[in-house]
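Visitor: sharing a model that was predicted from the sequence below.
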Amino acid sequence: MKGNLLLIDDEEMILESSKDLLEDIADKIFTANRGAKGIEVFKSETIHCILCDINMPEMNGIEVIKQIRELNANVPFIFYTAHGSDELMREAVKFGAFDFLDKPALEGLEEIVERGLKAGVGSKEEAPANFISEFQKLSN
Amino acid sequence: MKNPIYYYGKSKDAPNDFKRFLDKKGLSSDYSLEHFESEELDFFPEQLDRKKNYILIIDEDYINENILYQVLKIRQSALSPYFTIGCIIGKSEDLERKSYWMKYGINLIAANDGDLLNFLIQLLYLASDGLIPIQRFAETRNTHAKAIIDQQVYLNSVNQFNATLSSDIDVSVTKDLIVRLQNSAPLQLKTCTKASSPASGAYSQFETTWDLPQESAWGEKSSEFLNWDTLKTQLDFNFKAKSQRPRRILIICQISTYVHYLKTKPNDSHGLQVSQVEYTEDRFEHLMTLEWDAIILGDTPSLSPDERYDFSFSIIDACKASKRDCLLFITESVSKSEAVRKVTRYEKVITSPDKLSGTSLSTVLPALSKPVETGVETYVLDHYSKYTNAFIQHSCLVTCLSEFFVIFATNAKIPAKSIFSLDIGFKLPLIIVKPIRELERIGDKTQYMGFIFGLKEEQLQTLRQAVNYYLQKEVLQIDNNFLKPVIEATKVAIIEPAKPELTATTEQKTELTDTKKVKTYYTKH
């Protein structure tokens, strides 16, 4: 099982191109062009990972993650960010950010989403061992 | 609620004397004394009671590297403010040689041939921050004596280019600092290149790194100071120079979490220098002055999850600003390492969703024990070595002398529990305490009170004679000739302490001491 992905972005072009790039990675991909719509999809479908723009009109990415977390859901959240999103990114970390992707380059999109889906499906990494292996990587 | 006094030793007399003394002074309702004879010692309390002062008294027979390591762990952790630690050695002659034990956090040393009850009073006074009344002694009244006091410092490491010192007083502004080592010529340090003030809980208040004199100066044969070749020869006998140093780790967590770790790994130092503090906002800047190799952010119940991240961001911002290569481990994190790294643009962050526990510390700390390469062959004078012992001389103005304390004025800012000594013909070791009365400033100098400790009975008697001799005389200089006129003038030993002047507000009490001598006390109403 690869897991289901929800894409939330107000830019239709980003939604379409991301969907094309990620179709082999996820079982199903759902899209929403507004935050509120994304939350409705999340409530009605089984979602294992969310890829959401941090800067959106009406409801931004922080409001979306806040409402999703209020539903007691720990689903991995990956944010699209752009220049000038620093404050929002710091806020996002407080609600549980899995990773960030710079727009428009979207470097590492597939790899990050794949990890996010894996984590959402439930293959939990052993925390202390992970801690140590991460440290060893950083020390080398 | 009684404050515990734990005595660790084989002697039956010392704990019995202490118990009798507490009863006699009406302190048994405030203090309980427990005697531990097992050599398998564990000082870390299951549950720290923050309303209590813990006093540990350890007999010399029980001192070994493991015990000193445990004492050091107390000093380098949030347990430190709650503990006062004393040690009883066999003979006072050995005190100077063994004073390096104080580097670990032993506050006071007494000798079996000295006055152990005075030692207990001093421990009680230190632990209670001056709330225990002390008996009054005769004091010199006309003393404005120039003197040199020796400040205890520790030489931590030295190589051809620089030396690192730890001290309780900031010496970083001094130039051409002269450090006196045991049984050796003095060492001249040119300029301080790095100064940091570790968090309270680390074993000294300040750590400073100094340039040593340059090569040409080292070669000057006529110099009164130690040259590199001689120093290196001395060090080579006892140490192996290494181009590595242990990693410095700061753990920010509740003391109960850290104690749980210490209880599972009491002997395991991992070659790390680990300090532990509990989170307090006001200590943050202070914390960040030290060059940590890694900081572990554990349980911080006083912070909300939001505040905890803001605190993490502040640590990262401080590391970035100082261009430090410090690893930050954030536990209880809802966000992944990659996310925090991108947000902060700081690569050396690792997060874990799990809570920090004693068990996880046992896994994480050994993984961190890889030493840091320094690139310069350095002699590290570890905690277990007496060669670390050193002192710096300060001029001061002694304003009062009694058999129990010395009062002196100096420009230096001296924190409580700092160790000094004053040479009056023999050395008076001093520990700085909260004064028993208000002491006024003298010009730009502050007056400090130091309790005298570790004297043997004969030295104490000589000191009494000296105080009697100089009671009303003007004293303008104190040095190693101070006792000469006293010995000349005093053909018959005076055993009685000199009587302080009686005033309307004092009441006289007389009692037999354990050495069957009459002592006279004057208690204030």
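Guide: Looks like it came in fine. Numbering: from 1, shown residues only, chains lettered A, B, ... in the order given.

Visitor: residues contacting B:Gly271?
Guide: Contacts for B:Gly271 (Cβ atoms under 8 Å, 6 or more residues apart in numbering or on different chains) come out as B:Pro246, B:Arg247, B:Ser369, B:Pro371. C-beta: built from backbone N, CA, C; applies to glycine.

Visitor: sorry, wrong one. I was asking about B:Arg441.
Guide: Neighbouring residues of B:Arg441 by Cβ under 8 Å, 6+ apart: B:Ala409, B:Gln447.

Visitor: name the residue of chain A that lies nearest to chain B.
Guide: Minimum separation of chain A from chain B (Cβ to the nearest Cβ) falls at A:Gly96, amounting to 3.4 Å.

Visitor: just to revisit the earlier point, mind giving me the PyMOL select for the contacts of B:Gly271, buried ones only?
Guide: Typed into PyMOL, the line below selects the buried ones among the contacts of B:Gly271, using 16 or more other Cβ atoms under 10 Å in any protein chain shown:
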select buried, chain B and resi 246+247
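
Visitor: point out where the chain drops to low pLDDT.
Guide: By default, I'm working from chain A. For chain A, the stretches flagged by pLDDT under 70 are A:123-130, A:139-140.

Visitor: if you could check chain B rather than the one you did, that'd help
Guide: Where chain B drops to pLDDT under 70, the residues are B:197-203, B:215-222, B:266-270, B:283, B:286, B:382-384, B:491-525.

Visitor: please list the residues of it that sit near chain A.
Guide: Counting by Cβ under 8 Å from any Cβ of the partner chain, the residues of chain B close to chain A are B:305-306, B:309, B:313, B:327, B:329, B:334-340, B:342-343, B:347-348, B:350, B:352-354, B:360, B:363-364, B:367-368, B:370.

Visitor: among those, name the ones in helices.
Guide: Secondary structure from DSSP state H places B:305-306, B:309, B:313, B:337-340, B:342-343, B:360, B:363-364, B:367 of the residues of chain B next to chain A in helices.

Visitor: reformat the residues you listed as TSV; add neighbour count.
Guide: Shown next, in TSV, are these (neighbours: other Cβ atoms under 10 Å in any protein chain shown):
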residue	neighbour count
B:Pro305	14
B:Asp306	12
B:Tyr309	23
B:Phe313	16
B:Ser337	21
B:Glu338	18
B:Ala339	25
B:Val340	25
B:Lys342	21
B:Val343	25
B:Ser360	20
B:Thr363	14
B:Val364	23
B:Ala367	16
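
Visitor: max pairwise distance over the residues you listed: which two?
Guide: B:Asp306 and B:Ala367 (29.5 Å; Cβ to Cβ).

Visitor: helices along chain A, start to end?
Guide: Secondary structure of chain A (DSSP H): helices at A:12-22, A:35-44, A:61-70, A:86-95, A:109-121, A:127-139.

Visitor: distance to B:Thr164 and mean neighbour count added to those helices, as a markdown table?
Guide: As requested, the helices of chain A are arranged in a markdown table below (distance: least, Cβ to Cβ, whole Å; neighbours: other Cβ atoms under 10 Å in any protein chain shown):
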| stretch | distance to B:Thr164 | mean neighbour count |
| --- | --- | --- |
| helix A:12-22 | 55 | 15 |
| helix A:35-44 | 56 | 17 |
| helix A:61-70 | 47 | 20 |
| helix A:86-95 | 37 | 19 |
| helix A:109-121 | 44 | 19 |
| helix A:127-139 | 24 | 16 |
